[in-house]
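Colleague: show me how the following folds:
(4 chains)
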2 protein chains.
Amino acid sequence: MNEDSQKSANLQLPCRDSYHHGDLHNSLLEAADCLLEQTGAAKLSLREVAKHAGVSHTAPYRHFKNRAAMLEAIAIAGFGRLKLLMEQAEASAPNDSEAQLLAAGLAYLQLAVNNPEHTRLMFGGMMKDVPEDGHLYAAAEESYAAIYRIIDTGRARGVFGGSDTDTVVLTAWALVHGLTMLILGTQKVNPATPAELDELTLSVTEHLLQGIRAR
Amino acid sequence: MNEDSQKSANLQLPCRDSYHHGDLHNSLLEAADCLLEQTGAAKLSLREVAKHAGVSHTAPYRHFKNRAAMLEAIAIAGFGRLKLLMEQAEASAPNDSEAQLLAAGLAYLQLAVNNPEHTRLMFGGMMKDVPEDGHLYAAAEESYAAIYRIIDTGRARGVFGGSDTDTVVLTAWALVHGLTMLILGTQKVNPATPAELDELTLSVTEHLLQGIRAR
DNA sequence: ACCTGAACACCGTTCAAGT
DNA sequence: ACCTGAACACCGTTCAAGT
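Modeller: Predicted structure coming up:
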């Protein structure tokens, strides 16, 4: 009955029908996480999440203030995964700033393409009326931090140029994020295979690198 | 009673309580257009749109197959406005490709910031389960076409470089779109005034231009 | 402390019926 | 052809009540 060995797999969490309890909070999040990718955030209902977790439709209110708070928790977890990947990209080539930036971009795109609904939830602006605790805000900020370090270090090394680190970071982040959203959206861009996705990312990133390289 | 003089104003359509009929289709779209910016696409209900248009809650089904089809119509109208702005940017400096590209980026950002919920509807991926007519797809494509011409002409003139026009267009579009979505989202970027928005756009675009300029 | 069931106000959608 | 009203299955949320 030990299913925990599967739990750490990074991509694609399959749905289960039964949930070990005593930790309903996490059971609900697991059920929601999995239903989200099937239905999208707009159609993700608290009642169905509760049903998949095997409890009544009012039980979730013991653990989340309301539907928006539950979506926020899912989004925060998503930013946690993003942060992890960005830090892995940073660690993958400690002495090569360009390779770090490229790895970060590739990982960002891959995570988004593998979890499109999570990404839309995190960045689609559905979290507007979230309680202003700033938890979500802070989680997003931590993903940003790794990119900041990569570029700041690169500038200190004389690899990257630009007037200030903040603008360069914003440029890089916006480019990768925009490419991501275009691929996820109704837009034309439509890479069929993971290899094509990487190739596309490389081409686009190359223009960015030429733009921010120190000269 | 002539209110049509206000109708052509490009930004911020105020809500009315009464609607001239005989053209319920457009009355519904106007009501929806206006409610959208107040509530967001997720909470925009057909019933409330109908109420604002002064008809029963089933009347909209005479004009739209369902809720998704109505949202699609709104998104298509949004792409129409975007297309217009892109073409104006193209016409604003026929002999200066860089100025055209910059004007397009500024207009894109301004439209998005003035109509955030429209932008989220158009690009947020809420149109997934839309009928595959391709109407929405085609409308998006037309906005894209102006940018394509700007960059293709710029490359023919030797102003822009890059291996192929498609990749350069994708890079430029992704950068501006990403900056837009970051500004609209929960993210840190938060320009207070229109002037700050323009300044931010200029800084980011400058890096892009350095990256795609012919050398 | 944690969960349930009934209840309320709201949805989207369908359908028979009115003019 | 165009609109209405009742009806159905679904929501989110609240609250008294159970253990």
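Colleague: burial count for A:Gln88?
Modeller: By other Cβ atoms under 10 Å in any protein chain shown, 13 other residues sit near A:Gln88. Where C-beta positions appear, they are placed from N, C-alpha and C, glycine not excepted.
Colleague: and for A:Ala145?
Modeller: The burial count for A:Ala145: 14, using other Cβ under 10 Å.
Colleague: so who does it touch?
Modeller: A:Lys83 (Cβ atoms under 8 Å, 6 or more residues apart in numbering or on different chains).
Colleague: in the helix or strand it falls within, what's buried?
Modeller: Secondary structure assigned from DSSP states H and E places A:Ala145 in helix A:135-156. Applying a neighbour-count criterion of 16 or more other Cβ atoms under 10 Å in any protein chain shown, one finds A:135-137, A:139-141, A:143-144, A:146-155 buried in helix A:135-156.
Colleague: okay, A:Gln6: pLDDT?
Modeller: Reported pLDDT at A:Gln6 in the predicted model: 35.
Colleague: repeat for A:Arg215
Modeller: The predicted local confidence for A:Arg215 is 70.
Colleague: show me what contacts the closest residue to it other than its chain neighbours?
Modeller: Closest residue to A:Arg215 apart from its sequence neighbours, by Cβ to Cβ, 6 or more residues apart in numbering or on different chains: A:Gly161 at 6.3 Å. Each residue near A:Gly161 by Cβ under 8 Å, 6+ apart is listed here: A:Arg155, A:Val168, A:Ile212, A:Arg213, A:Ala214, A:Arg215.
Colleague: and A:Gly161, how far is that from B:Leu179?
Modeller: Look at A:Gly161 and B:Leu179: by Cβ to Cβ, to the nearest Å, they are 19 Å apart.
Colleague: now whichever strand or helix holds A:Cys34 - C-alpha only, CSV.
Modeller: Assigned by DSSP H and E, A:Cys34 falls within helix A:24-39. Output of helix A:24-39 as CSV, limited to C-alpha atoms (Å, rounded to 0.1, in the frame of the first residue of the first chain):
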residue,chain,number,x,y,z
LEU,A,24,-7.8,15.6,4.8
HIS,A,25,-6.0,18.9,4.0
ASN,A,26,-3.5,17.2,1.8
SER,A,27,-6.0,14.7,0.4
LEU,A,28,-8.1,17.7,-0.8
LEU,A,29,-5.1,19.3,-2.3
GLU,A,30,-4.1,16.1,-4.1
ALA,A,31,-7.6,15.6,-5.5
ALA,A,32,-7.8,19.3,-6.5
ASP,A,33,-4.3,19.2,-8.1
CYS,A,34,-5.3,16.3,-10.2
LEU,A,35,-8.8,17.5,-11.1
LEU,A,36,-7.4,20.9,-12.1
GLU,A,37,-5.5,19.5,-15.0
GLN,A,38,-8.6,17.7,-16.2
THR,A,39,-11.1,20.4,-16.0
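Colleague: what comes up buried for it?
Modeller: A:Leu24, A:Ser27, A:Leu28, A:Leu29, A:Glu30, A:Ala31, A:Ala32, A:Asp33, A:Cys34, A:Leu35, A:Leu36, A:Glu37.
Colleague: so is that helix next to DNA strand D?
Modeller: No. Under the criterion of Cβ under 7 Å from any atom of the strand, DNA strand D is not reached by helix A:24-39; the shortest gap measures 9.0 Å.
Colleague: quick one, the next helix or strand after that helix and helix A:24-39 angle?
Modeller: The element immediately downstream of helix A:24-39 (helix or strand, assigned by DSSP H and E) is helix A:46-53. Put simply, helix A:46-53 runs at 110 degrees to helix A:24-39, going by axes from the mean of the first three to the mean of the last three Cα atoms, to 10 degrees.
Colleague: contacts made by helix A:46-53 with the rest, please.
Modeller: So helix A:46-53 is in contact with A:15, A:17, A:19, A:24, A:27-28, A:30-32, A:34-35, A:56-60, A:67, A:70, going by Cβ under 8 Å, 6+ apart.
Colleague: cutoff 10 Å now
Modeller: A:15-19, A:21, A:24-36, A:39, A:45, A:55-61, A:64, A:66-67, A:70-71 (Cβ atoms under 10 Å, 6 or more residues apart in numbering or on different chains).
Colleague: now it: average pLDDT?
Modeller: Averaging pLDDT along helix A:46-53 yields 94.
Colleague: could you look up the next helix or strand downstream of that helix?
Modeller: helix A:67-92.
Colleague: do that next one and DNA strand D come into contact?
Modeller: Yes. Against DNA strand D, helix A:67-92 shows contacts by Cβ under 7 Å from any atom of the strand at A:Arg67, A:Ala68.
Colleague: now the angle from that helix to helix A:46-53?
Modeller: 70 degrees.
Colleague: so helix A:67-92, near chain B or not?
Modeller: Yes. Judged by Cβ under 10 Å from any Cβ of the partner chain, helix A:67-92 comes into contact with chain B at A:Glu72, A:Ala75, A:Phe79.
Colleague: how about the helix or strand following that helix: buried residues?
Modeller: Toward the C-terminus, helix A:67-92 is succeeded by helix A:97-114 as the next helix or strand (DSSP H and E). Using 16+ other Cβ under 10 Å as the test for burial, helix A:97-114 gives A:97-98, A:100-113.
Colleague: so what's A:Ala146 closest to, chain neighbours aside?
Modeller: Nearest residue to A:Ala146, sequence neighbours excluded (Cβ to Cβ, 6+ apart): A:Met86, at 3.7 Å.
Colleague: and the one you found, how close does it get to A:Leu111?
Modeller: Counting by Cβ to Cβ, the gap from A:Met86 to A:Leu111 is 10 Å.
Colleague: pLDDT weak spots in chain A?
Modeller: A:1-22, A:129-133, A:186-188, A:214 (pLDDT under 70).
Colleague: again, 90 this time
Modeller: In the predicted model, chain A carries pLDDT under 90 at residues A:1-24, A:123-143, A:161-163, A:183-194, A:206-215.
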